[in-house]
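J.: I'd like to go over a predicted model; first the sequence, then the structure.
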Amino acid sequence: LENYCHDSGNVFAIAKKGMGISSQLPSELGHLHSLEWLVLRHNKIKGTLPTAFGMLTHLKVLDLSDNEITGTIPTEIGDMTSLKHFVTDKTKLSGNIPRELFFANNLEYISMVENELFGELPKNIGNLSNLTMLNLRANMLNGTIPVSIYQCSKLHTLRLDKNRFTGILSPQIK
């Protein structure tokens, strides 16, 4: 892990892709205050997202896609103020998308494809002025798409298909 530590010895990145990891995410990860990258995609990680992740205020990239993570997205995710990329494709996350996720206003890239998320898209999505990509394809989200999404002026990729949204999109969305 030498390449993943600052000169001070603090861990700033953990990247273990396709390693067959089958344990749960330990809440102790929340104590790695210098952590900027946590990429654990293509493993067999089980359990839930620890609420202690909210203490990772320097985390920029969280990619847990293609794992067996269950439960809901903890509201503490909104405390991750440096977060830019949030990727949980093909996990088994369920429940509503917490409005607190959109308090992490540095978010540029959100992808939660093929989960079991339901409910409405939080109305405060417009807070994400840096959002360039939102992919929530293949969930069970419903309701109307919030008008505040038009405030995401940098948004260039929007994938909401294979959900249960109703209503009509503005012609402004191409």
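T.: All right, it came through fine. In this text, all values refer to a predicted model and were calculated from it rather than measured experimentally. Numbers count the residues shown, from 1 in each chain.
J.: what's downstream of the lowest-mean-pLDDT helix or strand in the chain, the next helix or strand?
T.: For the chain, the helix or strand with the lowest mean confidence is strand 13-15, at a mean of 91 (criterion: mean pLDDT, DSSP states H and E). Scanning forward in sequence from strand 13-15 by DSSP states H and E, the next helix or strand is strand 37-39.
J.: In a strand, residue 62, correct?
T.: Yes. Applying DSSP: H, G, I helix; E, B strand; the rest coil, one finds residue 62 inside a strand.
J.: partner residues bridging it?
T.: residue 38, residue 86 (DSSP bridges).
J.: burial count for it?
T.: For residue 62, the count of nearby residues is 22 (other C-beta atoms under 10 Å). For glycine as for every other residue, the C-beta is placed from the backbone atoms N, C-alpha and C.
J.: Check residue 72 too.
T.: Using other C-beta under 10 Å: residue 72 sits among 14 other residues.
J.: With residue 171 instead?
T.: So residue 171, with other C-beta under 10 Å, has 6 neighbours.
J.: part of a helix, is it?
T.: No. Assigned with three-state DSSP, residue 171 falls outside any helix and is coil.
J.: ok, it to residue 157 distance?
T.: The gap separating residue 171 from residue 157 is 18 Å, by C-beta to C-beta, to the nearest Å.
J.: How much space separates the spatially most central residue of the chain from residue 20?
T.: Nearest residue to the geometric centre of the chain (C-alpha atoms, centre = their mean): residue 86, 3.0 Å. Per C-beta to C-beta, residue 86 is found 24 Å from residue 20.
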